[in-house]
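In: attaching a predicted model along with its sequence, questions to come.
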Amino acid sequence: KAAVEQDVPITSHRLTPEVPDRFWVNLIGRGYPAPRPKFRWCTSRLKINPSNHFINNMIRQNGQVILVLGTRKAESSVRAANMKKHEKSSTREQLSTNASLPNSWIYTPLADWTNDDVWFYITQVKNPWNYDNKALLNMYRGATADGECPLVVDTSTPSCGDSRFGCYVCTMVEQDKSMQAMIQNDDEKRWMLPLMELRNRWLDVKTDRKERDFRRMNGALKIISGRLVHGPYKQVYREKLLAALLEAQEAVQKNGPPEVKNLELITHDDLEEIRRLWVMEKHEIEDNLPKIYQRVMGKTYQGKRLNEHQIFQPEDIALLKDLCQQEGDDEKIHFQLIRELLHIEQQHRTMARRAGLYDALDHALERNVFTNASDAEEFALRRESAKA
């Protein structure tokens, strides 16, 4: 809006991930465990892929592009070393090479600015789109433990800009100290409490092993340091996660300021893709997502009919589960196997050529061959020993 009013040649494009790449689709839909150092699946899907897709489109249209980035060497020693490396390899003045995207150059006007340079500029120079920079200063002040931004008089004085902000669900850090401090220091930020509790309660990477399947996504068993590496979240935990997310969204909309009254933590498109993954790929034919949505939101889920040929009713699935339980199926492995076999057969029954049926049945049988996690681990350890 400011660009149009001031006749500045700037056009904004909001980049969002494709639906299959979105955070909740992968976490709740596919069951990916929350990101961690050895499984950091979020950055490429949520940030890098949408940006690269847009930049490559611009390169195709214009031949080359220049990326203007606010990265600074003072942010970290790793950032400084990386920036210096690309500066040395460049053949163009003021521009660095971009190793990941050919025909694109990087311009970093703030490369040599310190934190204090940034805050001096922000507080002394009027914002060109007429936003009050004091609000930005207050946000960073609120995100420091003591709620202060001291006047910097020498290098021993801490800067206001030490707080770092990332995704509210980020699990790459043990605690979201910025959000915690903001809630603690400012009553107007207490509406964010459900977001912090959602992350702390449901995305704890240190304690989620028991909530994850002992098999990998494809059913394979992997041993590291003498124990099974657990895979995706189990069905019951994914359903609890969805309910907790919807409850947090309701709480934020109800108690937050006007600007978040319509905030969607999860979109309808995300919900539809999660539902499809649960029913069509994970064979959870109970189709529980609409029921969870109605229970939490108090209104009917407006989604398209997913499976026109579904012949099993909820009471049929409940009966199957009870019968398996009576036979000692504590980890619901046999229930999952029979449910999957029935659904695979149902998916193929209307096809003229039932190509792939036997392969799908074989995969289901192999994936569910173990009665429980201890049996699977014992087998995997024997296999590792035989290989050695």
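Out: Great, that's in hand.

In: which residues does V68 form beta bridges with?
Out: Y107 (DSSP bridges).

In: distance of it from T108?
Out: To T108, V68 is 8 Å away according to C-beta to C-beta, to the nearest Å. Just so you know, the C-beta spots here come from the backbone N, C-alpha and C atoms, and that holds for glycine as well.

In: quick one: low-confidence ranges for the stretch 151-300 of the chain?
Out: For the stretch 151-300 of the chain, the stretches with pLDDT under 70 are 151-164.

In: I'd assumed A3 was in a helix, is it?
Out: Yes: assignment of A3 by DSSP: H, G, I helix; E, B strand; the rest coil places it within a helix.

In: identify the residues contacting it.
Out: Going by C-beta atoms under 8 Å, 6 or more residues apart in numbering, A3 touches 9-12, 129.

In: what about these, which one has the most neighbours?
Out: Using other C-beta atoms under 10 Å as the neighbour criterion, W129 leads the contacts of A3 with 12 neighbours.

In: the chain: strands as residue ranges?
Out: 65-68, 96-97, 104-107, 223-224, 227-228 (DSSP state E).

In: returning to what we had before: quick one: which of V68 and T108 has more around it?
Out: T108 (20 against 10).

In: distance of the more buried one relative to N138?
Out: Relative to N138, and taking C-beta to C-beta, T108 is found at 27 Å.

In: again with K222
Out: Note on K222: its distance to N138, by C-beta to C-beta, is 48 Å.

In: so those two - more neighbours on which side?
Out: N138 (16 against 13).

In: quick check, H86 in contact with S100.
Out: No: H86 is beyond contact range of S100, at 10.7 Å (criterion: C-beta atoms under 8 Å).

In: any idea how many residues pack against the residue nearest to P20 when sequence neighbours are not counted?
Out: Using C-beta to C-beta, 6 or more residues apart in numbering and skipping the chain neighbours, the partner closest in space to P20 is E273 (6.6 Å). Neighbours of E273 under the rule other C-beta under 10 Å: 21.

In: again, but for A135
Out: Neighbours around A135, by other C-beta under 10 Å: 9.

In: next one: E327
Out: Residues near E327, counting by other C-beta under 10 Å: 8.

In: ok, it - contacts?
Out: So E327 contacts H334 (C-beta under 8 Å, 6+ apart).

In: where's it relative to I338, distance?
Out: E327 is 11 Å from I338, where distance means C-beta to C-beta.

In: same check on R295?
Out: 27 Å.

In: which of these two has more neighbours?
Out: Neighbours per residue, other C-beta under 10 Å: of R295 and I338, the larger number sits with I338, 17 against 11.

In: now do that one, the pLDDT please.
Out: Looking at I338, its pLDDT is 95.

In: OK, contacts around D112?
Out: 72-73.

In: H86 and S100: which has the busier surroundings?
Out: H86 (16 against 9).

In: not counting sequence-adjacent ones, nearest residue to that one?
Out: That would be S96: by C-beta to C-beta, 6+ apart, it lies 4.1 Å from H86.

In: hey, what's the one you found bridged with?
Out: Counting by DSSP bridges, S96 is bridged to I106.

In: residues in contact with it?
Out: Taking C-beta under 8 Å, 6+ apart, one finds 83, 86-87, 89-90, 105-108 in contact with S96.

In: can we see that at 10 Å?
Out: By C-beta atoms under 10 Å, 6 or more residues apart in numbering, the contact list for S96 reads 67, 69, 71, 82-90, 105-108, 111.

In: out of those residues, which are buried?
Out: 67, 83, 86-87, 105-106, 108, 111 (16 or more other C-beta atoms under 10 Å).

In: quick check, nearest of those to W119?
Out: Closest approach to W119 among the buried ones among the contacts of S96 (C-beta to C-beta): A111, at 17.0 Å.

In: right, and that closest one touches L69 too?
Out: Yes: under the criterion of C-beta atoms under 10 Å, A111 makes contact with L69 at 9.1 Å.

In: so what sits against both of the two?
Out: Common neighbours of A111 and L69 are listed as 83, 96 (criterion: C-beta under 10 Å, 6+ apart).

In: ok so, going back, so for N307, which of the strands of the chain sits nearest?
Out: strand 227-228 (32.9 Å).

In: do you know how far the closest residue to P102 other than its chain neighbours is from T43?
Out: Among residues not flanking P102 along the chain, I59 sits closest, at 7.9 Å (C-beta to C-beta, 6+ apart). Applying C-beta to C-beta, the value for I59 to T43 is 22 Å.

In: which one of the two has more residues nearby?
Out: It is I59, of I59 and T43, that has more neighbours when counted by other C-beta under 10 Å, with 15 against 12.

In: that one and R45, how far apart?
Out: Using C-beta to C-beta, we find I59 at a distance of 21 Å from R45.

In: same question for R216.
Out: For R216, the distance to R45 (C-beta to C-beta) stands at 19 Å.
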